[in-house]
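[1] Sequence first, then the predicted structure:
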Amino acid sequence: MKVIKVDKSARTCDVNRDELADLTEVRLNAILEAGNDVITIYPKQGSKVICILIENDPTDAYIIATNDIEEISGQ
């Protein structure tokens with residue numbers, strides 16, 4: 001799986017899954033309403049990632065690992 005787009009303001013990214021449909025709006029933080037004291041890791045476009053699907057739903061996923069980081073942001 002590779003990152004094809006990162007939206008820093010929404011803290012999401014889109015992920016290409018080769019033979020499967022792309023995942024869109026994949027969360028960069030596991031918690032939907034993460035709060036104020038959060039560290040967010042932004043993967044570089046093109047980096048490889050591992051995603052978790054919530055209840056096996058491809059419209060609800062988050063990233064658990066990446067091989068190339070663009071930025072780490074603490075809020």
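    Perfect, thanks for sending it. Computed from a predicted structure; not experimentally measured.
[2] For the strand ranked longest in the chain, C-alpha coordinates in PDB please.
    Counting residues, the longest strand found in the chain (DSSP state E) is strand 57-66. Coordinates of each C-alpha in strand 57-66 appear next as PDB, following Å, rounded to 0.1, in the frame of the first residue of the first chain:
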ATOM      1  CA  ASP A  57     -15.000  -1.300   6.500                       C
ATOM      2  CA  PRO A  58     -12.800   0.100   3.700                       C
ATOM      3  CA  THR A  59     -14.400   3.600   4.300                       C
ATOM      4  CA  ASP A  60     -13.100   3.700   7.900                       C
ATOM      5  CA  ALA A  61      -9.400   3.100   8.300                       C
ATOM      6  CA  TYR A  62      -6.300   4.500  10.000                       C
ATOM      7  CA  ILE A  63      -2.500   4.200   9.500                       C
ATOM      8  CA  ILE A  64      -0.500   2.200  12.000                       C
ATOM      9  CA  ALA A  65       3.000   2.300  10.300                       C
ATOM     10  CA  THR A  66       4.800   4.100   7.500                       C
END
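[3] Check which helices and strands that strand is in contact with.
    The helices and strands touching strand 57-66, judged by 3 or more CB pairs under 8 Å, 6 or more residues apart in numbering; DSSP states H and E, are strand 12-17, strand 20-27, strand 39-43, strand 49-54. Quick note: C-beta positions are derived from backbone N, CA and C, even for glycine.
[4] what's around the residue lying closest to Ile39 once chain neighbours are set aside, how many residues?
    What sits nearest to Ile39 in space, not counting adjacent residues and going by CB to CB, 6 or more residues apart in numbering, is Gly74, at 5.0 Å. Counted by other CB atoms under 10 Å, the residues lying close to Gly74 total 7.
[5] Likewise for Asp14?
    16.
[6] ok, now which ones touch it?
    Asp14 is in contact with 3-5, 22-26, counting by CB atoms under 8 Å, 6 or more residues apart in numbering.
[7] Right, I'll leave it there.
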